[in-house]
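> No sequence on hand, only this structure:
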Ligand code: FAS
Ligand code: PHB
């Protein structure tokens, strides 16, 4: 069977939030893009991930024309709780930064973007296999892929690698060019989703000698809970009752007493790592989102960083096609990495502060509690936490 040859302006590898958001912003600027996604749409939607959106991400989703349900159903949070040493302390984001965050699950963001793309009749190839990038160092790259046994060659001007940590895009950059930086944490997060009212109207981040815990939510009737766990834990060893007992043991007494439990509708273990690759551009290939960087979810930065990359990439490509200027895309990697490394630092700091490390011992626990006590009693320290949590201002 001969290869089918098609053409577009921007080939987007990956139909997760980064790829979909880029496709939507380019479409609204009249730029053609095709999204190639390895999985089915249902599989992409089935992945339970982020839950907190920075105001900058909400603004970008509004610019993309997909903010209606987010504003109707998202929960505005003006603060969160830090629980440690049997007490809970509120970090007042609104008072400290003048901003709030929005609780709205990544699944819903992805659904809104998929629906917008479908309504506009834009091309997304699901179940695209054997995706390969060729000629990214030329001005006429080709993305080859297979769908239903048929080979395709997608000619394009640029390739956006939005295919996550395990994708093909980063691997297409020559090893002699790519620099990677990584820190793997000696624990994971065991997460549970359940249709019960959240234990509190705001998020609770808990530091406890038994380990970290997080009480989050997706709505006022759907809760999302996490406990730090060893990397070799097995889901089958964590029936719901054991999970909730462990969660309860790590919360302050008030939260522990008011926790409403229910059957889990999703349960998963996620490993934690910090990872950055440089540069985020090589020739016609631009990396965005998890394809370029991974942060431990403690600081709720992963999805928001992906959106910040897309904000710069969309702006640079629109400038290129509208005005013939390559200033934006030439400066893309530098400007993204400026923000990425600050978010990586914050996520690493918050993870180090809140989790129990194998070698921390009693001394480490006391130092963490001392830093937390300082944090909640110092306007300067809590202000620094708050401005990183809501997202640092964009350069422009
Ligand atoms: P994604 O990984 O979401 O999307 C990449 C897409 O590319 C996927 O759909 C994949 O199927 C596709 N793909 C991969 N290889 C391909 C190929 N060769 N060809 C075509 N398509 C290919 N962030 C938070 O802020 N808070 C959290 O609580 C949180 N929890 C997380 C839990 C887990 C288990 C994981 C893995 C991540 C979590 N994150 C969290 C981070 C997460 O939200 C990411 O930051 C976000 O999904 C980034 O979006 P993308 O860059 O689009 O990558
Ligand atoms: C979530 O709701 O999944 C969530 C919220 C905040 C985090 C991490 C995860 O920091």
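Looks like it arrived, so ask away. The shown structure was predicted, so the numbers you read here are calculated from the model rather than taken from an experiment. Ligands and ions are numbered 1, 2, ... in the order given.
> only C-alpha atoms for contact and neighbour calcs from this point on.
OK.
> and this protein, which of its residues are near ligand 2?
Applying Cα under 6 Å from any ligand atom, we find that the chain lies next to ligand 2 at 49, 50, 51, 52, 216, 217, 224, 297, 298, 299, 300.
> Pipe those residues into JSON lines and attach secondary structure, pLDDT and neighbour count per row.
Shown next, in JSON lines, are the residues of the chain next to ligand 2 (DSSP: H, G, I helix; E, B strand; the rest coil; pLDDT from 0 to 100; neighbours: other Cα atoms under 10 Å):
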{"residue": "49", "secondary structure": "coil", "pLDDT": "90", "neighbour count": "15"}
{"residue": "50", "secondary structure": "coil", "pLDDT": "88", "neighbour count": "19"}
{"residue": "51", "secondary structure": "coil", "pLDDT": "91", "neighbour count": "21"}
{"residue": "52", "secondary structure": "strand", "pLDDT": "97", "neighbour count": "29"}
{"residue": "216", "secondary structure": "strand", "pLDDT": "97", "neighbour count": "24"}
{"residue": "217", "secondary structure": "strand", "pLDDT": "97", "neighbour count": "28"}
{"residue": "224", "secondary structure": "strand", "pLDDT": "97", "neighbour count": "25"}
{"residue": "297", "secondary structure": "helix", "pLDDT": "97", "neighbour count": "22"}
{"residue": "298", "secondary structure": "helix", "pLDDT": "98", "neighbour count": "23"}
{"residue": "299", "secondary structure": "helix", "pLDDT": "96", "neighbour count": "22"}
{"residue": "300", "secondary structure": "coil", "pLDDT": "97", "neighbour count": "20"}
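> which SS state does residue 286 fall under?
strand (DSSP: H, G, I helix; E, B strand; the rest coil).
> could you dump the residues of the chain next to ligand 2 to JSON lines with distance to residue 145?
Shown next, in JSON lines, are the residues of the chain next to ligand 2 (distance: Cα to Cα, whole Å):
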{"residue": "49", "distance to residue 145": "27"}
{"residue": "50", "distance to residue 145": "29"}
{"residue": "51", "distance to residue 145": "32"}
{"residue": "52", "distance to residue 145": "34"}
{"residue": "216", "distance to residue 145": "39"}
{"residue": "217", "distance to residue 145": "38"}
{"residue": "224", "distance to residue 145": "37"}
{"residue": "297", "distance to residue 145": "32"}
{"residue": "298", "distance to residue 145": "36"}
{"residue": "299", "distance to residue 145": "36"}
{"residue": "300", "distance to residue 145": "33"}
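> now, which of those residues sits nearest residue 342?
residue 299 (11.6 Å; Cα to Cα).
> Quick one: residues contacting the closest one.
By Cα atoms under 8 Å, 6 or more residues apart in numbering, the contact list for residue 299 reads 346, 347, 350, 351, 389.
> distance of it from residue 175?
Per Cα to Cα, to the nearest Å, residue 299 is found 30 Å from residue 175.
> now swap in residue 12 and tell me
From residue 12 to residue 175 the distance is 22 Å (Cα to Cα).
> ditto for residue 389
34 Å.
> Have a look at the two and say which one is more surrounded.
Legend: neighbour count by other Cα atoms under 10 Å for residue 389 and residue 175, higher for residue 389 (24 against 10).
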